[in-house]
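Engineer: got a structure for you, letters missing:
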């Protein structure tokens, strides 16, 4: 998995998974265009951490995450998508570092933390898809 190449060791992780009864291409497109603008708690947390200024525009999706400082670390279309972020998440502004995938992998400055957000998809019988999200 891509996540193991970018963050093989970690302190905490969280995993969510679900069987989605839809075609693989449709589920993958939904992951890529995921709109969290309506998730009030998530938007509140981003605002409290200083990552958002004002109200997010409708369609708060992958492109918005990339503009905020997330890095698209890797993608295998219709199988896996990996986002990463480096910063001081415990501070009000987050001190997010603008990095590309290679610099993310080698980043080791003291006082910063790395986080990754991985989506994996695998086709199942009867037109279903196993969708998993792993956060480290």
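Structural biologist: Received, thanks. Predicted model, so just to flag it, every value in this text is computed and none were measured.

Engineer: quick one: the helices in this protein, in order.
Structural biologist: 2-6, 24-32, 40-48, 62-68, 101-106 (DSSP state H).

Engineer: kindly reformat those helices as CSV containing mean neighbour count and mean pLDDT.
Structural biologist: From N, CA and C alone the C-beta is placed, and that goes for glycine too. Output for the helices of the chain, formatted as CSV (neighbours: other C-beta atoms under 10 Å; pLDDT from 0 to 100):
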stretch, mean neighbour count, mean pLDDT
helix 2-6, 17, 95
helix 24-32, 16, 93
helix 40-48, 12, 57
helix 62-68, 14, 80
helix 101-106, 13, 95
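
Engineer: which among those helices is found nearest to residue 82?
Structural biologist: Smallest distance to residue 82 across the helices of the chain (C-beta to C-beta): 4.3 Å, for helix 2-6.

Engineer: what does that closest one contact?
Structural biologist: 73-76, 80, 82, 84, 101, 104-105, 116, 118, 134, 136 (C-beta atoms under 8 Å, 6 or more residues apart in numbering).

Engineer: now with 7 Å, please.
Structural biologist: By C-beta atoms under 7 Å, 6 or more residues apart in numbering, the residues outside helix 2-6 that reach it are 73-74, 80, 82, 84, 104-105, 116, 118, 134, 136.

Engineer: how far off centre is it?
Structural biologist: Relative to the centre of its chain, helix 2-6 is centred 13 Å away, using C-alpha atoms, centre = their mean, to the nearest Å.

Engineer: repeat for stretch 119-130
Structural biologist: Using C-alpha atoms, centre = their mean, the mean C-alpha position of stretch 119-130 is found 19 Å from that of the whole chain.
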